[in-house]
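In: 3D model of this:
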Amino acid sequence: MKLLITIIHERDQPKVSDTLLTAGYKFTKISSTGGFLRDGNATMLIGVDDEDVDTVIGLVQDSCKTREQYVSLPPPDVMPAGTFIPNPVKVSVGGAIIFVVNVERFERL
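Out: So this is what the prediction gives:
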């Protein structure tokens, strides 16, 4: 058995959740924040049999894609006086980070 720790952007979470549930996979969702942009994320804990790992990764991959977004720096009132404020910057958001971890023991109580 494996545990897939899957971190996705909060905007992708509903589609990924629906796709996994439709395919019969259960999961636990934890709201999280992280990374460079401090955007909301969803961390999904998905327990699967060894032979299902690639299937679940494929479902997640099909449900969330990387996209580009423009972001601005913090508002001028929180930046030091005299700081240059450049134009918005284009960054990539979305996609997924998946950690696959061996599970020594699993019990549903």
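In: partners of the strand with the most length in the chain in the sheet?
Out: Selection of the longest strand in the chain by residue count, based on DSSP state E, yields strand 39-48. With DSSP bridges as the test, strand 39-48 is paired with strand 2-9 (antiparallel), strand 28-34 (antiparallel).
In: mean confidence score for the last one?
Out: Model confidence over strand 28-34, given as mean pLDDT, is 85.
In: what's the answer for the longest one, then?
Out: With pLDDT averaged residue by residue, strand 2-9 scores 94.
In: So which elements touch the helix or strand following that strand?
Out: Per DSSP states H and E, the first helix or strand lying C-terminal to strand 2-9 is helix 13-22. Judged by 3 or more Cβ pairs under 8 Å, 6 or more residues apart in numbering; DSSP states H and E, helix 13-22 is in contact with strand 39-48, helix 53-63. Backbone N, C-alpha and C define where each C-beta goes, glycine included.
In: The same query, at a cut-off of 6 Å, please.
Out: With contacts taken as 3 or more Cβ pairs under 6 Å, 6 or more residues apart in numbering; DSSP states H and E, helix 13-22 sits against helix 53-63.
In: what comes up buried for the helix it packs on?
Out: Going by neighbour count (16 or more other Cβ atoms under 10 Å), the buried part of helix 53-63 is 53, 56-57, 59-60, 63.
In: what separates that helix from the chain centre, distance-wise?
Out: Helix 53-63 sits 13 Å away from the centroid of its parent chain (Cα atoms, centre = their mean, to the nearest Å).
In: Same question for stretch 52-72.
Out: The chain centroid and the centroid of stretch 52-72 are separated by 8 Å under Cα atoms, centre = their mean.
In: Could you do stretch 16-36 as well?
Out: Worked out by Cα atoms, centre = their mean, stretch 16-36 lies 8 Å from the chain centre.
In: And the contacts of it?
Out: 8, 40-46, 59-60, 63-64 (Cβ atoms under 6 Å, 6 or more residues apart in numbering).
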